[in-house]
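# mind folding the following:
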Amino acid sequence: MAFAALMAVATVVSVLLVREVLLAGLDDRIDAALVQESRELERLAARGIDPETGEPFGDRVRNVLEVFLERNVPARNEAFLTFVGGEPYERSRNVLPYRLDEDQALVERWSSITETDAGDVETPGGTVRYLAMPIIANGEVKGVFVAAVFQDLEAEEIEPAVRAAALVGVAALLIGSMLAFLLARRIIKPVQAVEATARTISESDLSRRIDVSGDDEIAHLADTFNDLLERLERAFTAQRAFVDDAGHELRTPITIIRGQLELLSEDPEQRRRAIELVTGELDRMNRMVNDLLVLAKAQQPELLELDLVDVGSLTREVAEKGAMLGDRRWRVDVVADGGLVGDRQRLAQALIELMKNAVDHTEADDEIAIGSEISGGLARFWVRDTGAGIPAEMQERIFERFSRVGPRGPEGAGLGLPIVRAIAEAHGGQVRVESEVGRGTTFTFEIPVDQDPPVAP
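So this is what the prediction gives:
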């Protein structure tokens, strides 16, 4: 209804605008025609040759007016009048609704002018737009020429165009309203299906989907809504698993702390050992919470503070810190020469996590190496070891939260490798693992050297 009313108002306004534009153009055309007639008469009087004598007209005004009227035919709604000696002289012969040369008031007004006069007058035949010009010879007014146009008759000629515009507008209104009604019905039906499906969705059940048919915008909307439900279902499933795993991981240190506090004795040595144990568990919980915060911010722009990072300097710095993680045969394979745009602290955190993971899965006589290179617009870091290796069927699971494969260090919570992957993906890169049981493991951390500006989700 509102659409039809809006279209009706637009149609009326359009027709009125068309009429006003045509009327404005009509006035301009009339004025231009009147001025053109006066200029042609001026040229004839000034430079014309009298066909009877073969000489310039001079002060023979009657001859000028006769020749002009013979040579110039007025338009359909236009009239030419001439005056000589204060009396009407010759006029154009076309039939018009009113004889202007018989209107005494107009005759007195036009026959006595001494300067060019233009304007509108009301007559029984309608509004007349005129231009009256005196003809001067030897410094005296010898005659008057008047070009007049019946403006109402000219205006009537634009009415068919206005009516045509109105008919087109009404047709467009009817057709547009009908199409809008049909389209609205077509749109509302699938939208109602989306609404009905949305009402059936709950936190515990995201399995409902919208039946999609066709290939129009509504079908695309339904596809998008289904994709959204799919992502939400995966997110809620992951969230529930994450909450369950986190609850399980945090429950253990809380239980240990509670047990130690409940059994706390007055013996100073036992109190000291209990406090050390409780402090260690609290530190482990603190590290776990910090790791969870990193993973929670993994999809947010504020995870990274981008700056220019020297890849070689970062590699050497991490290698020095890694050597303090455990008694292993440490080495640096190769160091890249160049820089990248990234978060130096997060990159160092990821590489140290990989080195800690290598220490947890190697023995004292095993080798752990780190290296870096830049090629093809990518910066690659790797950490390799000669430890026990990872079975092929377990290699995909190691990047899942709270996942444990093989022996672990006493403080491992299964969050290190997920953090590494989150940092790599936040930089637009990836982390890969290549491993063979009994022959060691290599983790490759690969990111582009240039980063796009972070975009808020």
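# now do the SS call for the residue of the chain most remote from its centre.
For the chain, the largest distance from the centre (CA atoms, centre = their mean) belongs to residue 53, which lies 78.2 Å off. What DSSP: H, G, I helix; E, B strand; the rest coil gives for residue 53 is coil.
# from residue 63, how far out is it?
Distance, residue 53 to residue 63, by CB to CB, to the nearest Å: 8 Å. No exception for glycine: its C-beta is placed from N, CA and C like everyone else's.
# just residue 312 next, same as before
The gap separating residue 312 from residue 63 is 106 Å, by CB to CB.
# again with residue 443
Where residue 63 is concerned, residue 443 sits at a distance of 111 Å (CB to CB).
# out of those two, which sits in the more crowded spot?
residue 443 (24 against 17; other CB atoms under 10 Å).
# wait, what's in contact with the more buried one?
By CB atoms under 8 Å, 6 or more residues apart in numbering, the residues touching residue 443 are 354, 357, 358, 382, 383, 384, 420, 431, 432, 433.
# which element is it on?
Assigned by DSSP states H and E, residue 443 falls within strand 440-448.
# CA atoms only for that strand - export them in PDB, please.
Only the C-alpha atoms of strand 440-448 are listed here, as PDB (Å, rounded to 0.1, in the frame of the first residue of the first chain):
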ATOM      1  CA  GLY A 440      61.800 -37.200  14.600                       C
ATOM      2  CA  THR A 441      59.500 -34.300  13.800                       C
ATOM      3  CA  THR A 442      59.600 -31.000  11.900                       C
ATOM      4  CA  PHE A 443      57.200 -28.200  12.500                       C
ATOM      5  CA  THR A 444      57.100 -25.500   9.800                       C
ATOM      6  CA  PHE A 445      55.700 -22.100  10.600                       C
ATOM      7  CA  GLU A 446      55.000 -20.100   7.400                       C
ATOM      8  CA  ILE A 447      53.600 -16.600   7.100                       C
ATOM      9  CA  PRO A 448      53.500 -13.900   4.300                       C
END
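# what strands flank that strand, and is each parallel or antiparallel?
According to DSSP bridges, strand 440-448 forms sheet pairs with strand 378-385 (antiparallel), strand 430-436 (antiparallel).
# got JSON lines for the ones you listed, with mean pLDDT, distance to residue 220 and mean neighbour count too?
Formatted as JSON lines, these follow (pLDDT from 0 to 100; distance: least, CB to CB, whole Å; neighbours: other CB atoms under 10 Å):
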{"stretch": "strand 378-385", "mean pLDDT": "95", "distance to residue 220": "35", "mean neighbour count": "22"}
{"stretch": "strand 430-436", "mean pLDDT": "91", "distance to residue 220": "30", "mean neighbour count": "16"}
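# just put those in JSON lines and tack on distance to residue 306.
Output for these, formatted as JSON lines (distance: least, CB to CB, whole Å):
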{"stretch": "strand 378-385", "distance to residue 306": "14"}
{"stretch": "strand 430-436", "distance to residue 306": "18"}
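# can you classify residue 93 by secondary structure?
Applying three-state DSSP: residue 93 is coil.
# what is the burial count for it?
10.
# what's the separation between it and residue 128?
Distance from residue 93 to residue 128, by CB to CB: 18 Å.
# so who does residue 141 touch?
With contacts defined as CB under 8 Å, 6+ apart, residue 141 is in contact with 113, 114, 134, 135.
# residue 85 too?
With CB under 8 Å, 6+ apart, residue 85 has these contacts: residue 143.
# next, give phi and psi for it.
Here is the backbone geometry of residue 85 (degrees, to the nearest 10): phi 60, psi 30.
# if I look at it, how far off is residue 142?
With CB to CB as the criterion, residue 85 and residue 142 are 9 Å apart.
# likewise for residue 183?
Distance of residue 183 to residue 142, given as CB to CB: 73 Å.
# tell me which of the strands paired with strand 440-448 lies nearest to residue 232.
strand 430-436 (24.9 Å; CB to CB).
# now the phi/psi pair for residue 122, please.
Torsion angles at residue 122 (phi, psi; degrees, to the nearest 10) stand at phi -90, psi 130.
# ok, what's across the strand from it?
Under the criterion used here (DSSP bridges), residue 122 is bridged to residue 127.
# what's the neighbour count on it?
8.
# same question, residue 315
Neighbour number of residue 315 under other CB under 10 Å is 24.
# how about the contacts made by it?
With contact taken as CB under 8 Å, 6+ apart, residue 315 is in contact with 332, 335, 336, 370, 371, 372, 381.
# gap between the fifth one and residue 334?
Looking back up the chat, that one is residue 371. Distance, residue 371 to residue 334, using CB to CB: 5 Å.
# which one of those two is surrounded by more residues?
residue 371 (19 against 13).
# mind listing what's buried in stretch 68-85?
Residues of stretch 68-85 classed as buried by neighbour count (16 or more other CB atoms under 10 Å): 68, 69, 74, 77, 78, 79, 80, 81, 82, 83, 84.
# so the fourth one touches residue 149, yeah?
Yes - between residue 77 and residue 149 there is a contact under CB atoms under 8 Å: 5.8 Å.
# domain boundaries for the protein, per the record?
Under automatic domain parsing, the residue ranges defining each domain of the chain are 2-160, 202-296, 302-448.
# right, and those domains - which one's nearest residue 177?
For the domains of the chain, proximity to residue 177 was assessed by CB to CB; domain 2-160 is nearest, at 4.4 Å.
# just the helices from the stretch 301-450 of the chain, written as ranges.
For the stretch 301-450 of the chain, helices defined by DSSP state H, counting those that start in this stretch occupy the ranges 311-322, 344-360, 416-426.
# and of the ones you listed, who's closest to residue 36?
Closest approach to residue 36 among these (CB to CB): helix 416-426, 76.8 Å.
# so which elements touch that closest one?
Packing partners of helix 416-426 (3 or more CB pairs under 8 Å, 6 or more residues apart in numbering; DSSP states H and E): helix 268-296, helix 344-360, strand 430-436, strand 440-448.
# turn these into CSV, including distance to residue 42.
Below are those laid out as CSV (distance: least, CB to CB, whole Å):
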stretch, distance to residue 42
helix 268-296, 90
helix 344-360, 88
strand 430-436, 88
strand 440-448, 80
